[in-house]
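>>> would you be able to build a 3D model of this:
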Amino acid sequence: MSYEPFTIDIPDADLIDLRARLQRTRLAPEFANDDWGFGTNAEYLQELLDYWATDYDWRAHEAQINSAANFKTTIDGIPIHFMYEKGKGPNPMPLILTHGWPWTFWDWHKVIGPLTDPAAYGGDPNDSFDVIVPSVPGFGFSTPLTSTGINFWRSADIWVSLMRDVLGYDKFAAGGGDWGSLTTAQLGHKYADHMIGVYVLLMAPLTLFNEPIDTLPDESEFAEEESGWYAQNQSFFLDGSGYSAIQSTRPQTIAYAMNDSPAGLCAWLLEKRRAWSDCGGDVESRFTKDELLTGFSIYWFTQSYGTTARYYYECTHNQWQPSHGRHPVVEAPVGVGAYSGEAFFMPKSWAERYYNLQHWTMMSPGGHFAPMEEPETLTADIRNFFRALRS
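Below you'll find the model as predicted:
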């Protein structure tokens, strides 16, 4: 299979249209919501929308993205965009990094340089990687998606084709967060023979969307040093997962609103950036306005919110099936990098049963968007895990 260089070039008409829509925003009436308890706070949302309309420079960020090596290919009729940066070292290890929702591929950009060229960042050149960062099918520039049935295990199949058939790597390493963690775990489950190792930021069973939440580990399974994790899980699934219920059941209905209103899209994505990052309520302590809006702009300009939401539906309505009945479920060597501000957690005892666990690191600070929040500690942990797996 072939792949071609890809340059992002959003039409001027789309920039003009976005600015006009932002200037015509009509926010919903709001009261008693200073703590964001009812959802996105109107005062901060208006501030961010004003910045998007008047000060944010998409062209500058577009140029930054284009300074990376971007490519596109087609696999099974699905357009796939990916960044591909070769390592600078004696024996770079191929590593595919997968994002989730409401991420984009660009959430990985801070770790690409240190992983491909560790010597330039004070590291050992023997730790270098060839880094591949695709846009998940239906996300960002892996659009338009017009095929049904695309979810994390189908993405894993596509990644094997990308890495082996398109790029020519017989064996490779993988890492991911959010959906990317499930995609990465699926690679380690179904394609263990092709994997050097897999690194996950978010621990979750591959059956997460098959079974009731009460099948997850109960409080007795969490060790003393994991105190508070069970309560965090309960809070997330009871109070913080409404977005998933909507996107798992009627994604197309909400897609019309998000595709028409940049303010609505911004409010929907912003609330998760604040809730799931380790920001203590101040989202700009983790992401600048420009970083937030670059991600939101990618969703907006590619009109991809609808297919990113359908990803949830496709997991719920096309349930995961195991490729084998062996244990551990994920047979490839597994590294876990768990950040203290993550959305939810599995106990280490569960990870030792479910994964071929070779590496476990708890890190603080940091949250769900670790490549953006804590790129230095994440880079170091990825290097440490895969160092032991280099031939």
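
>>> residue boundaries of the strands in this structure?
4-5, 70-75, 78-85, 93-98, 129-134, 172-176, 195-200, 330-341, 355-367 (DSSP state E).

>>> any chance of these in TSV, plus mean neighbour count and distance to G295?
For glycine as for every other residue, the C-beta is placed from the backbone atoms N, C-alpha and C. Shown next, in TSV, are these (neighbours: other Cβ atoms under 10 Å; distance: least, Cβ to Cβ, whole Å):
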stretch	mean neighbour count	distance to G295
strand 4-5	9	23
strand 70-75	18	16
strand 78-85	21	15
strand 93-98	25	16
strand 129-134	26	14
strand 172-176	28	17
strand 195-200	25	22
strand 330-341	23	18
strand 355-367	18	15
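
>>> what's the angle between the lowest-mean-pLDDT helix or strand in the chain and strand 330-341?
Least confident helix or strand, the chain: helix 229-239 with a mean of 94, by mean pLDDT, DSSP states H and E. Angle between the axes of helix 229-239 and strand 330-341 is 90 degrees (criterion: axes from the mean of the first three to the mean of the last three Cα atoms, to 10 degrees).

>>> buried by neighbour count: which residues of helix 229-239 qualify?
229-230, 232-233, 236 (16 or more other Cβ atoms under 10 Å).

>>> let me know how buried the closest residue to N210 other than its chain neighbours is, in neighbour terms.
Spatial nearest neighbour of N210, chain neighbours left out: Q319 (4.6 Å); criterion: Cβ to Cβ, 6 or more residues apart in numbering. By other Cβ atoms under 10 Å, 12 other residues sit near Q319.

>>> contact partners for Q319?
By Cβ atoms under 8 Å, 6 or more residues apart in numbering, the residues touching Q319 are 207, 209-210.

>>> can you check Y199 too?
By Cβ under 8 Å, 6+ apart, the neighbours of Y199 are 173-176, 184, 334-337, 359, 382, 385-386.

>>> do F344 as well
202, 204, 229, 232-233, 236-237.

>>> now it: phi and psi?
Here is the backbone geometry of F344 (degrees, to the nearest 10): phi -150, psi 170.

>>> just use 24 as the starting number from now, easier for me
Sounds good: first residue 24 from here, last item F367.

>>> just to revisit the earlier point, out of the contacts of Q342, show me where the pLDDT dips lowest.
Least confident of the contacts of Q342 in the model: N233, at 91.

>>> isn't that residue up against H340?
No - when contacts are counted by Cβ atoms under 8 Å, N233 is not listed as touching H340 (10.9 Å).

>>> any common contacting residues for those two?
Joint contacts of N233 and H340 (Cβ under 8 Å, 6+ apart) do not exist.

>>> ok, the nearest residue to D99 once chain neighbours are set aside to T402 distance?
Spatially, and ignoring its direct neighbours in sequence, D99 is nearest to I181 (6.7 Å; Cβ to Cβ, 6+ apart). Separation of I181 from T402 (Cβ to Cβ, to the nearest Å): 26 Å.

>>> over to P115?
15 Å.

>>> D32 too?
Taking Cβ to Cβ, one finds D32 at 31 Å from T402.

>>> again, but for D313
D313 is 22 Å from T402, by Cβ to Cβ.

>>> higher neighbour count, those two?
Per other Cβ under 10 Å, whichever of D313 and T402 has more neighbours is T402, with 21 against 18.

>>> the closest residue to that one other than its chain neighbours - how many residues pack around it?
Nearest in space to T402, with sequence neighbours left out and distances taken as Cβ to Cβ, 6+ apart, is P137 at 4.4 Å. The number of residues packed near P137 is 24, by other Cβ under 10 Å.

>>> again with the one 10 residues further on
The local packing count at D147 equals 11, with neighbours defined by other Cβ under 10 Å.
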